[in-house]
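Novice: Below is the sequence, then the predicted model.
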Amino acid sequence: MTLASGRQQVSSADAPGSAPTTAAQPAEPIPRFDRADWASGFRNVGQELSNVPLQASKGTIPADLKGTLYRNGPGRLERGGHWVHHPFDGDGMITALRFEAGGLNLTNRFVRTEGWQAEEKAGKPLYRGVFGTQKPGGLLANAFDVRLKNIANTHVVKLGDQLLALWEASSPHALDPDTLETKGISLLDGVLKPGEAFSAHPRFDPGHRGEERMVTFGVKSGPRSTIRLMEFAVADDPAKGVKAGQLLSERSDSFGGFAFLHDFAITPNWAVFLQNAIAFNPLPFLLGQKGAAQCLASKPGGQAQFWLVPRDGGAFSGQPPRIVPAPEGFVFHHLNAWEISEAGPDGFGGQVEGPALVVESIFYADFPSIGPDTDFRTIDFDLIPEGLLERCTIDLTSNTVRTERLSERCCEFAMVNPRREGLFSRYGWMAVAERETGNDPLQAIKKLDLVNGERKVWSAAPRGFVSEPVMVPRAAAATASAGGPEPAEDDGWVLCMVWNGARCASDLVILDAASMEELAVVELPLAIPYGLHGSFVEG
Ligand SMILES: [Fe+2]
């Protein structure tokens, strides 16, 4: 049996905008990934397990790591011999990994969506997929079938006593947080209309308004697009008569142009959206030739925009949104955003002339799409743009943006310490490619010092492939609430599911978030395809 073969690389600097360094390369050259190992991660999840106790295969599970890591991602990629055209079209499957007193147990369940149940019964695909999956039967079977299959496969978060499996184009599915049993579609106590879009990227405000909130949005796209921004309580507050999961505030704002918004960022006073310069031509979708997402394309000569929406209760509450021209490129995900309130140092050796908003995002040179005739397992990584971390400093007086590249290394799935969400953060953790430049599968996890560019990397190469790393801060010590020192920003762990190509199964890897040392590897009794997003719930 082969473990994840994690290796720690030497720390060196990812100087902003600099040429890539070679200092962090291990002495032995590491071969580029093996395509068969990588492709072996695309498969169906074959079983559903309940409360299976697990041991570390290597190292020790930290005794003070308490809570549940929930992960979501496509768990069914083939049905009746028909493969999805893109893994993002696969049915959502939730994994729960519960940590307690140095132990761990695992439960996993498919989300029983209406589409999943119908296709299980039929034994074949009955719906088209947004990313290009077609029903069997050719064009005739697909033309003018514009039904959406809510596949609930993108993210999973806890809100009140419900676990929500999210898919941005439609309603959340509620699950039991312990058993993962699907309760059904949730309209959040009447907040949502049936079928209303509800983002798969909520942001958790750690207490900018005094109490933690879940801030999220839904977007209705068209020639003019409307963003509904919503803020929910995450805990009961009997003194204010507030229940966990209750909607606390909302606002709606309309903007010119077709909006494609997958993610956003928050600060204490702002919700930050980056509207890519993108066009949507629905004709090939209607005619059954392409999935809806394949009808998105960069708009030649188009101008991307930041849409800055004031949060209710903040310093600009009630004001109209601001629109600022944004740099070229395509963004799915943001790392973080924060505010600079007055002229002075920006914290990175530069200066701002006045109030500014800073947002760090992963930019692609173009919208990455898989054409209708391409098998996703055979894609040429060199032909697809890589994601690169960039920082945009938005001058709120002049409405101009200064952009700097933070690293030349291909990355995705980046996060800061969740207690620093919306505030200046020194460290980011992200999935990266093994080589220093160019596009490749994600095989390593990087901690990047966003001030001086220093990085520490743990790598699963050559046979391991990482998914989204989740940074879990150490639970605040009693001394902190009693006036003692705040825990360091990088004090905690990084949890990551790794596809282990050597044993064709999934491993959970636990790293020390500060040093990026490998603390434990747990070989899971499951083979889980590359996932999307997840969250950690303490307790
Ligand atoms: Fe995402």
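Specialist: Everything's here; your move.
Novice: I'd like to know how many residues surround the nearest residue to R419 once chain neighbours are set aside.
Specialist: Leaving aside its chain neighbours, R419 sits nearest to P206 (5.0 Å; criterion: CB to CB, 6 or more residues apart in numbering). Placement of C-beta: from N, CA and C, glycine included. Other residues within reach of P206 by the criterion other CB atoms under 10 Å amount to 16.
Novice: do you know how far P206 is from T267?
Specialist: Going from P206 to T267 by CB to CB, to the nearest Å gives 12 Å.
Novice: just P282 next, same as before
Specialist: 35 Å.
Novice: by contact count, what packs against the host helix or strand of A141?
Specialist: Here A141 sits within helix 138-142, counting by DSSP states H and E. Packing contacts for helix 138-142, counted by 3 or more CB pairs under 8 Å, 6 or more residues apart in numbering; DSSP states H and E, involve no helix or strand.
Novice: my guess is V432 meets P441, correct?
Specialist: No: under the criterion of CB atoms under 8 Å, V432 is not in contact with P441, lying 10.4 Å apart.
Novice: who's more crowded, these two?
Specialist: With neighbours defined as other CB under 10 Å, V432 and P441 compare such that V432 has more, 29 against 21.
Novice: element containing that one?
Specialist: strand 427-433.
Novice: So what touches that strand?
Specialist: For strand 427-433, contacts defined as CB atoms under 8 Å, 6 or more residues apart in numbering pick out 335-336, 360, 386, 389, 409-417, 439-450, 457, 466-469, 471, 489-490, 494, 496, 513.
Novice: One more pass at 7 Å, please.
Specialist: 335, 409-417, 439-450, 466-469, 471, 489-490, 494, 513 (CB atoms under 7 Å, 6 or more residues apart in numbering).
Novice: What are the buried residues along that strand?
Specialist: Using 16 or more other CB atoms under 10 Å as the test for burial, strand 427-433 gives Y427, G428, W429, M430, A431, V432, A433.
Novice: Show me which helix or strand of this protein is least confident by mean pLDDT.
Specialist: Least confident helix or strand, the chain: helix 478-481 with a mean of 48, by mean pLDDT, DSSP states H and E.
Novice: Partner strands of the helix or strand following that helix and their direction?
Specialist: Following helix 478-481 in sequence order, the next helix or strand is strand 492-500 (DSSP H and E). Using DSSP bridges, strand 492-500 pairs in its sheet with strand 464-466 (antiparallel), strand 470-473 (antiparallel), strand 505-512 (antiparallel).
Novice: what is the orientation angle of strand 492-500 with strand 427-433?
Specialist: 10 degrees (axes from the mean of the first three to the mean of the last three CA atoms, to 10 degrees).
Novice: pLDDT averaged over strand 492-500 - what is it?
Specialist: In this model, strand 492-500 carries a mean pLDDT of 98.
Novice: ok, and what's touching it?
Specialist: 4, 41, 62, 65, 69, 71, 429, 445, 460, 463-467, 469-474, 506-513, 528, 530-531, 536.
Novice: In this protein, where is pLDDT below threshold?
Specialist: 1-31, 369-372, 476-484 (pLDDT under 70).
Novice: same thing but at 50, please
Specialist: 1-5, 10, 15-25, 478-479 (pLDDT under 50).
Novice: rewinding a little: can you add distance to W83 and give the strands paired with strand 492-500 back as CSV?
Specialist: Conversion of the strands paired with strand 492-500 to CSV gives the following (distance: least, CB to CB, whole Å):
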stretch, distance to W83
strand 464-466, 19
strand 470-473, 29
strand 505-512, 20
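Novice: coming back round to it: close enough to count as contact, the residue nearest to R419 and R213?
Specialist: No: in this structure, P206 is not within contact of R213 by CB atoms under 7 Å, at 8.9 Å.
Novice: The contacts of strand 427-433 in strands, which ones?
Specialist: Judged by DSSP state E, strands contain the following of the contacts of strand 427-433: 335, 411-415, 442-449, 466, 471, 494.
Novice: who's in contact with V272?
Specialist: Applying CB under 7 Å, 6+ apart, the residues near V272 are F264, A265, F306, L308, A337, L357, V359.
Novice: so how far is stretch 355-371 from its chain's centroid?
Specialist: 13 Å (CA atoms, centre = their mean, to the nearest Å).
Novice: in it, what's buried?
Specialist: Residues A356, L357, V358, V359, E360, S361, I362, F363, Y364, F367, S369, I370 are the ones in stretch 355-371 that count as buried (16+ other CB under 10 Å).
Novice: can you check stretch 67-75 too?
Specialist: G67, T68, L69, Y70, R71, N72, G73, P74, G75.
Novice: How about stretch 202-216?
Specialist: By neighbour count on 16+ other CB under 10 Å, the buried set for stretch 202-216 is P202, R203, F204, D205, P206, H208, E212, R213, M214, V215, T216.
Novice: same thing with stretch 529-539?
Specialist: For stretch 529-539, the buried set under the neighbour-count rule, 16+ other CB under 10 Å, comprises P529, Y530, G531, L532, H533, G534, S535, F536, V537.
Novice: Do I have it right that the fourth one meets R71?
Specialist: No: because the distance of 8.3 Å does not satisfy CB under 7 Å, L532 is recorded as not touching R71.
Novice: Quote the end-to-end distance of stretch 232-249.
Specialist: Start-to-end span of stretch 232-249 (CA to CA, to the nearest Å) is 7 Å.
Novice: which parts of that stretch are buried?
Specialist: Buried residues in stretch 232-249 (16+ other CB under 10 Å): F232, A233, V234, A244, G245, Q246, L248.
Novice: Name the surrounding residues that touch it.
Specialist: For stretch 232-249, contacts defined as CB under 7 Å, 6+ apart pick out 159-160, 162, 188, 191, 211-214, 230-231, 312-313.
Novice: mind giving me CSV with those and columns for distance to A239?
Specialist: Supplementary listing: those in CSV, determined by distance: CB to CB, whole Å:
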residue, distance to A239
L159, 21
G160, 18
Q162, 23
L188, 23
V191, 23
E211, 11
E212, 15
R213, 16
M214, 20
M230, 23
E231, 18
D312, 20
G313, 17
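Novice: mind listing which of those are in strands?
Specialist: L159, Q162, R213, M214, M230, E231.
Novice: Pop out the phi and psi values for the closest residue to S221 other than its chain neighbours.
Specialist: In this structure, S221 finds its nearest non-sequential neighbour in A259, 4.8 Å apart by CB to CB, 6+ apart. The phi and psi torsions at A259 (degrees, to the nearest 10) take the values phi -100, psi 130.
Novice: So what's the residue count around A259?
Specialist: Other residues within reach of A259, judged by other CB under 10 Å, total 22.
Novice: Hmm, it is touching R224, no?
Specialist: No: A259 is not in contact with R224 according to CB under 7 Å; the separation is 9.1 Å.
Novice: Need the single longest helix in this protein, by residues.
Specialist: Ranked by residue count under DSSP state H, the longest helix found in the chain is helix 114-122.
Novice: what does that one rub up against?
Specialist: For helix 114-122, contacts defined as CB under 7 Å, 6+ apart pick out R79, D91, F110, P125, L126, Y127, K149, N150, I151.
Novice: how close does the closest residue in space to the third one that isn't next to it in sequence sit to H86?
Specialist: Using CB to CB, 6+ apart and skipping the chain neighbours, the partner closest in space to F110 is M93 (5.0 Å). Distance of M93 to H86, given as CB to CB: 16 Å.
Novice: the more surrounded of these two?
Specialist: M93 (27 against 21).
Novice: So what's the gap between the strand or helix carrying that one and the chain middle?
Specialist: For M93, the element it lies in under DSSP H and E is strand 91-100. In this view, strand 91-100 has its centroid 16 Å away from the chain centroid, taken as CA atoms, centre = their mean.
Novice: Next, the buried residues of it.
Specialist: D91, G92, M93, I94, T95, A96, L97, R98, F99.
Novice: Look up how far W493 lies from the nearest residue to the last one once chain neighbours are set aside.
Specialist: Leaving out its chain neighbours, the residue that sits closest to F99 by CB to CB, 6+ apart is L65, at 4.7 Å. Here the criterion is CB to CB. By it, L65 lies 6 Å from W493.
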